[in-house]
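quick one, structure for this:
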Amino acid sequence: MKQNEYNDTIDIIDLPDIIIRRSLGAQARNYDVETPDGDILHLTEGTRITNVQIIAGKGRDRKIDIVDVLVDKYGGLSDEWQKAKGFGYVDFESESYRAELHWYQESTVGKVDWKIKPQREGWFID
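Residues are numbered from 1 along each chain as shown. Okay, the predicted model is just below:
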């Protein structure tokens, strides 16, 4: 358990980094990432998603509000779904930008519904 700035215990689950490999045929796996405007971007090849944490779902007290939608759309078990977040790079207008990313995951389904979390100054982190 970690403590937040108010010294209350919080139940954040840290996970290892996720590596997005460079295109090497079928080995490469990239994800569609939705912007706050609804456009679709992709993770920069070779990026590493860092500071990965489970913020809701399996292993956390906080439940996923849309777990029924995820099960209907993708399958899996409702009590196995997790909402995760991390930091990585996305391609936008031929450049690579760092962003806070959120997604859902379930062990038999994989990672789905990637989104960029908007920041105060825009979508990306300096």
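
residue ranges of the strands in this protein, please?
Counting by DSSP state E, one finds strands in the chain at the ranges 2-3, 9-10, 13-14, 18-19, 32-34, 40-43, 48-57, 82-92, 95-106, 110-117.

so which elements touch the longest one?
Of the remaining helices and strands, those touching strand 95-106 by 3 or more C-beta pairs under 8 Å, 6 or more residues apart in numbering; DSSP states H and E are strand 48-57, helix 67-74, strand 82-92, strand 110-117. C-beta coordinates here come from the backbone N, C-alpha and C atoms, glycine included.

over to the fifth one?
For strand 32-34, the helices and strands in contact under the criterion 3+ C-beta pairs under 8 Å, 6+ apart are strand 40-43, strand 110-117.

quick one on the thing from earlier: CSV for the strands of the chain, including distance to Val69 and mean pLDDT?
Converted to CSV, those look like this (distance: least, C-beta to C-beta, whole Å; pLDDT from 0 to 100):
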stretch, distance to Val69, mean pLDDT
strand 2-3, 29, 46
strand 9-10, 26, 50
strand 13-14, 22, 82
strand 18-19, 23, 80
strand 32-34, 15, 94
strand 40-43, 19, 94
strand 48-57, 13, 95
strand 82-92, 12, 96
strand 95-106, 10, 96
strand 110-117, 10, 96
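
out of those strands, which comes closest to Ile125?
strand 95-106 (4.6 Å; C-beta to C-beta).

how far is the closest one from where the chain is centred?
Averaging C-alpha positions (C-alpha atoms, centre = their mean, to the nearest Å) puts strand 95-106 5 Å from its chain's average.

and what of stretch 118-126?
The chain centroid and the centroid of stretch 118-126 are separated by 16 Å under C-alpha atoms, centre = their mean.

go on, stretch 35-55?
That offset, for stretch 35-55, works out to 6 Å (C-alpha atoms, centre = their mean).

sorry, back to before: out of the helices and strands packed on strand 32-34, nearest to Lys58?
Proximity to Lys58 (C-beta to C-beta) singles out strand 110-117 among these, at 14.0 Å.
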